[in-house]
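Undergrad: Model the structure of this input:
(one chain, ligands or ions: 1)
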Amino acid sequence: MSAAPHAPHSSSIASIGEFVDDGVVRRLLHASQLCALVVATVGALVLIGWQADIELFKSIHSELGAMAPASAVAFVFAGVSLLLLRPDYDGTRLGSVARVLPWVVLAISGMTLAEYLLHINLGIDELLFRDPAHEVQAAYPGRMSIIGALGFGLLGTALLLIRHDSRTAHRLARLMALTTSVLLLMGLLSLLYGRQSLYARPIFHGVALHTIVALLLLAFGILALQPARGFKTLLASAGAGGKLSRRLLPFAFLTPLALGWLRLQGEQADLYQTGVGVDLMVVAMVLLFVSVIWWNALLLDVADTKARRAKAALREAADEMVDLYEHAPCGYHSLDADGVFVRINDTELSWLGYARDEVVGKLTFLDLLTPGNTNFFEESFQTFKFQGEVKDVEFEMRRKDGSLLPVSLSATAVRDAAGRFVMSRYTVFDITERRLARQALARTNELVRLRLTEIEQIYRYAPVGLCNFDREYRYVRINDRLAQINGFSPEAHIGKTIWDMVPELADHLREIYRPVYERGEPVLDVEVHGRTHQDPETDHDWLASYLPLKSDNGEVIGMTAVVLDITERKRTEQALRESEAAVRALSMTDPLTGLANRRRLDEALRSEIHRVQRYGGRLSAVITDLDHFKRVNDEHGHQVGDSLLNEFAHLIRAHCRETDLVARFGGEEFVILMPEVGVAEALACAERMRSALAQQIIPPLTQPVTASFGAAELVPGESEGSLLRRADKALYRGKAAGRNCVVLAEAETLVGMERRGA
Ligand SMILES: Nc1nc2c(ncn2[C@@H]2O[C@H](COP(=O)(O)OP(=O)(O)OP(=O)(O)O)[C@@H](O)[C@H]2O)c(=O)[nH]1
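TA: Okay, the predicted model is just below:
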């Protein structure tokens, strides 16, 4: 059962039926339609009965009297009119028919009453069918009874009135239907209880039982048509009164009828006299009414207990609601139509720092807004009034101490039955944290955006090649530089593997990538050497680093490669190395003879002495100087002198070992450094040189030139200066001794001295 509240009434008595049971309303409407159908069908059957002379249809039973044909016609018209009394037929042809039909009923009723009153015969009684047997038991053959004519008159008028959309017309219609019902009930009683009472009166004379029943059904159909109005509101009410009335009314209606009939039957059967009958009836009535009242009182008590329990539960729920309202983690407040606070919860009060009585009925919501927010609120409040709802609008409220409280507001408008805006309810969330988080997020987003731009720019314009691979060595991203190195556009790389793009290097690269993919370890500064599609003829060098890309759970999902083309750098380095070596060689070489120069000699001497001192071994030095070289210069010029120096250098070199160092010591003086050579062997070598020189004539000279030699072997602890000095002294002793000789330093003894005419 559903209960729908209808518009509230002003008086307390009018509040009866405020909650109407829709099910009852529906059932009553169906009952009205059913009554209309039954009435129209009864009328039609009676007409068939007259036409085909079927006793059952005309009178049900011969003793109950036949229904007049005019009554049957009136029933058909009235029943159809009631059936068509539905709002959806308004304005249709059926609706128009429904409007006309009650007039026909009224005409039949009016003419019949006129016949009775004026004692005339208008010929309508036997218009359709003749009644020679006087089956219709009225005063005249075929004429309907006075009660019937009255009933049709009242109900026909009610059918007309009920279509009018006015309260008075409806009241009148209901009054007529009720009056008819009362009259008919009396007629029914007289039929049931015998003909001696009311039935004997002319008004009821000749009325058939089914005429009375059909008229009662018609009256009920009209009354049931608007169950939510008039006295029937109680009948349709969803309250206890409605239930009680629905339960008791049939009982109150039928019980006396049934008891009265039973009493009469008993009396007529001579079971008891009238006095006993009355006693029996009174006792039965008392018993029945006491039982029914007891039963209903019980039911009411149960219902009342249930209602009390429900009320208690409701109170508990209300307390809980109040608790939830006051201490909710959000603010709640309600404003009246002018924006003045009518309610506010504890949470919001504590946020704002106000006491309830400082706010409720005193402040408007505008009073708690910042000046900047006031206009915005006023504007949105107008829209809100119109739309009835607003969600998550952000404002700044001002606390009592003047500080600001950022809030998010949602509101719902409350309207009265006429749709007028009466108040509004608000949910308020403190969004301080949210706002801070949002600001932090905005800052982070800005930083991220900057970083991304930086990265994008670096990726794009870096002079190094950059790319990302997936797990299958496919290019996911690549910058212009690396794409250029590989010789394809960046787009051409995407989704392709290294075997597609750099087949010459792919296998080699896969080996380099292995630690990255298999162990997630970076591979840094590895040099890659090879050729590319872009430049297949040239060897290239790249310096590359490979870094793993890992998912959140540490799984390697790809790799970033940073590649720097160092081909040019490598070439430059090589050239530099070579030129350095050349410069170094030059700085250590005597330009005239191509022998080692003094600096080279010094270095070698230092290193050799160091070696001997550290590891042991021997070292000898021989110094030689061309004899009377000045004369050659003077006589043949410097060029010849130079040429002679060169020849002498070649001669010395030719007589030395590979491991010996031959250096031009200065002018026409040369030093031969002999590692792992003893002084005897050094003397012998010097002697071979001296001898070879003395025996050859070097053009354009016509005479052989000679040279003198001084030889010394390093003694333990001796410095390079000392070694050379001793050898030099020996040389000069040789010069002093007449030149063209080899002199041993230590003994300062002339060894193997030969004179070749010097
Ligand atoms: N052509 C030429 N002459 C040089 C070079 N270096 C030194 N001289 C000359 O070599 C000569 C050396 O002369 P001296 O030191 O007097 O020696 P000498 O004439 O050889 O006499 P003794 O050594 O005593 O036999 C000088 O005249 C220098 O000018 C050189 O590179 N080329």
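Undergrad: Mind telling me which residue of the stretch 451-600 of the chain is nearest the ligand?
TA: Per Cβ to the nearest ligand atom, residue 592 is where the stretch 451-600 of the chain lies closest to the ligand, at 6.0 Å. For glycine as for every other residue, the C-beta is placed from the backbone atoms N, C-alpha and C.
Undergrad: same deal with the stretch 551-700 of the chain?
TA: Closest point on the stretch 551-700 of the chain to the ligand, by Cβ to the nearest ligand atom, is residue 641, at 2.3 Å.
Undergrad: Burial check on the nearest residue to residue 255 once chain neighbours are set aside, number of neighbours?
TA: Excluding the flanking residues, the one nearest residue 255 by Cβ to Cβ, 6 or more residues apart in numbering is residue 288, at 5.9 Å. By other Cβ atoms under 10 Å, 15 other residues sit near residue 288.
Undergrad: Relative to the ligand, how far out is residue 288?
TA: 164 Å (Cβ to the nearest ligand atom, to the nearest Å).
Undergrad: Report the separation between residue 159 and residue 727.
TA: Note on residue 159: its distance to residue 727, by Cβ to Cβ, to the nearest Å, is 159 Å.
Undergrad: for the residue of the stretch 551-700 of the chain closest to the ligand, phi and psi?
TA: phi -60, psi -40 (degrees, to the nearest 10).
Undergrad: shouldn't it be in contact with residue 631?
TA: No - between residue 641 and residue 631 there is no contact under Cβ atoms under 8 Å: 9.7 Å.
Undergrad: neighbour count winner among these two?
TA: Counted by other Cβ under 10 Å, residue 641 and residue 631 do not tie: residue 641 has more neighbours, with 19 against 12.
Undergrad: The residue lying closest to that one once chain neighbours are set aside sits in which helix or strand?
TA: Distances taken as Cβ to Cβ, 6+ apart put residue 633 closest to residue 641, at 4.2 Å, once the chain neighbours are dropped. Assessed by DSSP states H and E, residue 633 sits inside helix 629-636.
Undergrad: Now do the host helix or strand of residue 282, average pLDDT.
TA: Here residue 282 sits within helix 274-327, counting by DSSP H and E. Helix 274-327 carries an average pLDDT of 88.
Undergrad: what's the answer for stretch 474-493, then?
TA: Here the average pLDDT along stretch 474-493 is 91.
Undergrad: Stretch 102-115 too?
TA: Stretch 102-115 comes out with an average pLDDT of 93.
Undergrad: what's the answer for stretch 132-151, then?
TA: 81.
Undergrad: Now tell me what touches that stretch from outside.
TA: Stretch 132-151 has contacts (Cβ atoms under 8 Å, 6 or more residues apart in numbering) with 58-59, 65-71, 74, 108-109, 112-113, 115-116, 121, 125-126, 129-131, 152, 180, 183-184, 187, 202-208, 211-212, 215, 218-219.
Undergrad: Now the terminal residues of it, how far apart.
TA: End-to-end distance of stretch 132-151 (Cα to Cα, to the nearest Å): 25 Å.
Undergrad: cool, stretch 496-506 as well?
TA: First-to-last residue span, stretch 496-506, Cα to Cα: 12 Å.
Undergrad: Check the offset of it from the chain's centre.
TA: 41 Å (Cα atoms, centre = their mean, to the nearest Å).
Undergrad: Go through it and flag the buried ones.
TA: 497-498, 501-502, 505 (16 or more other Cβ atoms under 10 Å).
Undergrad: what does it rub up against?
TA: With Cβ under 8 Å, 6+ apart as the criterion, stretch 496-506 contacts 469, 472-475, 486, 488, 492-493, 509-510, 528, 530-533, 536.
Undergrad: Sort out which of those are in strands and list them.
TA: Judged by DSSP state E, strands contain the following of the contacts of stretch 496-506: 469, 475, 528, 530.
Undergrad: Which strand or helix spans the nearest residue to the last one once chain neighbours are set aside?
TA: Spatially, and ignoring its direct neighbours in sequence, residue 530 is nearest to residue 505 (4.7 Å; Cβ to Cβ, 6+ apart). Taking DSSP H and E as the criterion, residue 505 maps to helix 503-519.
Undergrad: cool, and residue 410?
TA: strand 404-415.
Undergrad: Now do the same for that strand: mean pLDDT, whole number.
TA: Strand 404-415 comes out at a mean pLDDT of 92.
Undergrad: pretty sure residue 525 belongs to a helix, no?
TA: No - looking at residue 525 with DSSP: H, G, I helix; E, B strand; the rest coil, it is strand, so not inside a helix.
Undergrad: I figured residue 267 was touching residue 274, is that so?
TA: Yes - contact criterion Cβ under 8 Å: residue 267 and residue 274 qualify, at 6.2 Å.
Undergrad: got TSV for the ones in strands among the contacts of stretch 496-506, with distance to the ligand too?
TA: TSV is the format used below for the ones in strands among the contacts of stretch 496-506 (distance: Cβ to the nearest ligand atom, whole Å):
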residue	distance to the ligand
469	67
475	68
528	53
530	53
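Undergrad: could I get the residues you listed as a markdown table with neighbour count?
TA: Listed next are these as a markdown table, based on neighbours: other Cβ atoms under 10 Å:
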| residue | neighbour count |
| --- | --- |
| 469 | 24 |
| 475 | 24 |
| 528 | 15 |
| 530 | 13 |
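Undergrad: What's the PyMOL line that selects buried ones from the contacts of stretch 496-506?
TA: Buried residues among those (16+ other Cβ under 10 Å), as a PyMOL selection:
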select buried, resi 469+473+474+475+486+488+493+509+532
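Undergrad: sec struct for the closest residue to the ligand within the stretch 51-200 of the chain, please.
TA: Nearest residue of the stretch 51-200 of the chain to the ligand, counting by Cβ to the nearest ligand atom: residue 88, 138.2 Å away. Secondary structure, three-state DSSP: residue 88 is helix.
Undergrad: Noted, bye for now.
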